[in-house]
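Novice: Give me the fold of what follows.
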Amino acid sequence: MYISFITKINYMEKIAFNYLLIAVSILFLVSPSLAQKKEGKTKCITNPILPGFNPDPSILRVGNEYFIATSTFQWFPGVSVYHSYDLTNWEHYTNILTRKSQLDMTGIPNSGGIYAPQISYIDSTFYLVYTNVKGNGWPYMDCENYVVWAKDMKGPWSEPVYLNSAGFDPSLFHDKDGKSYLLFNEINFRDGVNDRAYIYMHEFNRKTKNLFGDVKLVLKEFAEGPHIYRHGDFYYLLVAEGGTDYNHREDLFRSKSIWGPYETNPNNPIITSKDNPSLTLQKAGHCSLVETQYGEWYMPHLVGRPILPEKKCPLGRETAIQKIEWTEDGWFKLVGDNHWPKDSIKAPKNLVQKPFKIVPSKDDFSDTILRKEYFTLREPAEDSWLSLKARPGFLRMKGRLHLFSSREQSLLVRRIQHFNFRAETAVDFNPKTYREMAGLIVIYDSRNFFYLRISRDSINRKSLNILHMKGSGAWDCKEDLLDDIVLPEDKTIHLKVECIANKIQFYYSTGNLVWNPIGSVFNFTELSDENNYGFTGSMVGIAVQDMMYKKTTADFDYFEYKGIDK
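Specialist: Predicted coordinates:
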């Protein structure tokens, strides 16, 4: 009887265990586990990884750290660098060209300046090659290519060494045998062939920092953004083709010799959006490659996110990333069944997620140096016209030339990174004449902007109006209000702009923080790449002008930017 009782208990335990096993199996099969859900949240990269004006990405891995450099065009400082440990979370790490001796953009046109910088690393040294485009009238472009170097990505970076002026988008490749090569496109302006920008290569001496030997044609394609990578038995040449708009694509070639000839990938393009207008990520192209320390391969690339139906990209050209895989015949392709960029991809398996500290949305100007995200126009921020020390807790800016000038503009802006956003500031400013202005600006370039400015009206009262620029010449700039709004003298004026569903509305307050709407509701799509064929992106910030004596000042108490995308 005792044995029978024990047997019955064991039998009941076995049944209970089997039921428990079945329940657990169903739980795993029917609905993902909490662990899987958690992994889904932390193991996915959402594109774009660098939202807002961040075109022409050049990626580099050094040890377990990743860096991406992007173009900055006429905005200063030149070349923004982002940093990551996991290819998912990125921080604005540094800016490379911070001195006028490194980057002189005096007088350059809109969308001139820095084109497609490229970063590389060898012998414990970082290299940057870049173009300073001083005139962009195709095909007669004034392109000056330079190299700088540093032992640390944060610098100090060297003074530049001039390389050539043949074309733009230079790129360095360092081979296993110790040799280095400079790739670039050469723009041919001769009759009958002035639509050609072929890819050339020149050997580069890392010790003397100069080019030597014969320059050679390596790819007879109308292309830009060349990069060479060595993998297995081949040299792989990546180039951007089709222009940088909706026909943009990336093509792949390979050769067993660095000098070629390069054969064409039968499955080109490796990435494009041009044949699928329904994609969120358009204009895909201009790529670079990186291999993780665990052998996975990823490809950052340029994209634009258009607002429909206008098909305009006010955030400019941004940076996204895709995963690639090598094929049995020795080429590579995007993971998946097509060449379309994906809105999200799987993150690297073995890279631990390392988020960075979120930068506060409000800058109260309590520091003595500018935050990294700010840009000035064509020249560095210098104490002669911008100071965080003259009045502690404020940014003091001295007014200089008008907003259409290619010289001496007193303007401080940051990228707009959201389709829906809010920005505000508060300013102490007492202009003497209508030729003095200060305020809050949303700007693409000198041809496209909205400027909520404090000035003087026709009978010399302190007043507020909006300058609306939409065109190609200064006469196209109009005051939005027929009559200025009169402001109280000697009071801090708060200014705000809000963009919701592509509609831009300005507001002001005379100190009680009751926001009063002012002026027309503007269309965000006016500030886009497609207007006048620009290459940058929309910005928001503060500005001051003194078109009489270049000496009046405005004191800004704070600047705040908030993305309010859902």
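
Novice: ok, the nearest residue to residue 220 once chain neighbours are set aside - contacts?
Specialist: Excluding the flanking residues, the one nearest residue 220 by CB to CB, 6 or more residues apart in numbering is residue 198, at 5.4 Å. (Glycine included, C-beta is placed from N, CA and C.) The contact partners of residue 198, taken as CB atoms under 8 Å, 6 or more residues apart in numbering, are 185, 186, 188, 217, 219, 220, 221, 222, 223.

Novice: Could you give the bridge partners of the first one?
Specialist: Applying DSSP bridges to residue 185 yields these beta-bridge partners: residue 199.

Novice: What is the burial count for it?
Specialist: When neighbours are counted by other CB atoms under 10 Å, residue 185 registers 28.

Novice: That one reaches residue 224, doesn't it?
Specialist: Yes - with contact defined as CB atoms under 8 Å, residue 185 counts as touching residue 224 (5.1 Å).

Novice: Show me whatever sits in contact with both of these two.
Specialist: 168, 169, 197.

Novice: May I have the beta-bridge partners of residue 145?
Specialist: Under the criterion used (DSSP bridges), residue 145 bridges to residue 131, residue 164.

Novice: Can you report how many residues lie near it?
Specialist: For residue 145, using other CB under 10 Å, the count is 24.

Novice: mind checking how far residue 63 is from residue 148?
Specialist: Using CB to CB, to the nearest Å, we find residue 63 at a distance of 22 Å from residue 148.

Novice: between those two, who's got more neighbours?
Specialist: Using other CB under 10 Å as the criterion, residue 63 and residue 148 rank with residue 148 on top: 23 against 7.

Novice: I figured the more buried one hits residue 102, correct?
Specialist: Yes - if you go by CB under 8 Å, residue 148 and residue 102 touch, sitting 6.4 Å apart.

Novice: where do the contact lists of these two overlap?
Specialist: Joint contacts of residue 148 and residue 102 (CB under 8 Å, 6+ apart) are 157, 159, 160.

Novice: count of neighbours near residue 293?
Specialist: That count, for residue 293 with other CB under 10 Å as the rule, works out to 11.

Novice: isn't there a helix covering it?
Specialist: No - with DSSP: H, G, I helix; E, B strand; the rest coil as the criterion, residue 293 is located in coil rather than a helix.

Novice: That one contacts residue 61, correct?
Specialist: Yes - in this structure residue 293 lies within contact range of residue 61 using CB under 8 Å: 7.3 Å.

Novice: ok, residue 135 to residue 142 distance?
Specialist: Residue 135 is 4 Å from residue 142, by CB to CB.

Novice: any idea which of the contacts of residue 198 has the most stuff around it?
Specialist: Of those, with other CB under 10 Å as the count, residue 185 tops at 28 neighbours.

Novice: re earlier: counting only strands, which of the shared contacts of residue 185 and residue 224 make the cut?
Specialist: The strands, defined by DSSP state E, take in residue 197 from the shared contacts of residue 185 and residue 224.

Novice: I'd like the shared contacts of residue 185 and residue 224 as CSV, with pLDDT, distance to residue 406 and neighbour count appended.
Specialist: Output for these, formatted as CSV (pLDDT from 0 to 100; distance: CB to CB, whole Å; neighbours: other CB atoms under 10 Å):
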residue, pLDDT, distance to residue 406, neighbour count
168, 93, 19, 24
169, 95, 23, 29
197, 84, 25, 23
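
Novice: OK, contacts around residue 237?
Specialist: Neighbours of residue 237 in contact, by CB under 8 Å, 6+ apart: 199, 218, 219, 226, 227, 228, 252, 253, 254, 255, 262.

Novice: between those residues, which is closest to residue 355?
Specialist: For the contacts of residue 237, the residue nearest residue 355 by CB to CB is residue 227; the value is 29.1 Å.

Novice: The nearest residue to residue 400 once chain neighbours are set aside and residue 497, how far apart?
Specialist: Spatial nearest neighbour of residue 400, excluding adjacent residues (CB to CB, 6+ apart): residue 408 at 4.2 Å. Note on residue 408: its distance to residue 497, by CB to CB, is 25 Å.

Novice: More neighbours: those two, which one.
Specialist: residue 497 (22 against 15).

Novice: ok, the more buried one touching residue 540?
Specialist: Yes - with contact taken as CB under 8 Å, residue 497 and residue 540 are classed as touching, separated by 6.8 Å.

Novice: Find the residues that touch each one of these two.
Specialist: 423, 440, 442.

Novice: ok so the last one is a helix residue?
Specialist: Just to be clear, that refers to residue 442. No - looking at residue 442 with three-state DSSP, it is strand, so not inside a helix.

Novice: What's opposite it in the beta bridge?
Specialist: With DSSP bridges as the rule, residue 442 is bridged to residue 450, residue 540.

Novice: Just give the number of residues close to it.
Specialist: 26.

Novice: Now do the domain split for the chain, please.
Specialist: Domain assignment for the chain by automatic domain parsing gives 50-346, 362-563.

Novice: which one among the shared contacts of residue 185 and residue 224 gets closest to residue 46?
Specialist: Scanning the shared contacts of residue 185 and residue 224 for proximity to residue 46, where the rule is CB to CB, the winner is residue 169, at 27.8 Å.

Novice: Tabulate the domains of the chain (CSV), appending distance to residue 355.
Specialist: Listed next are the domains of the chain as CSV, based on distance: least, CB to CB, whole Å:
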stretch, distance to residue 355
domain 50-346, 5
domain 362-563, 17
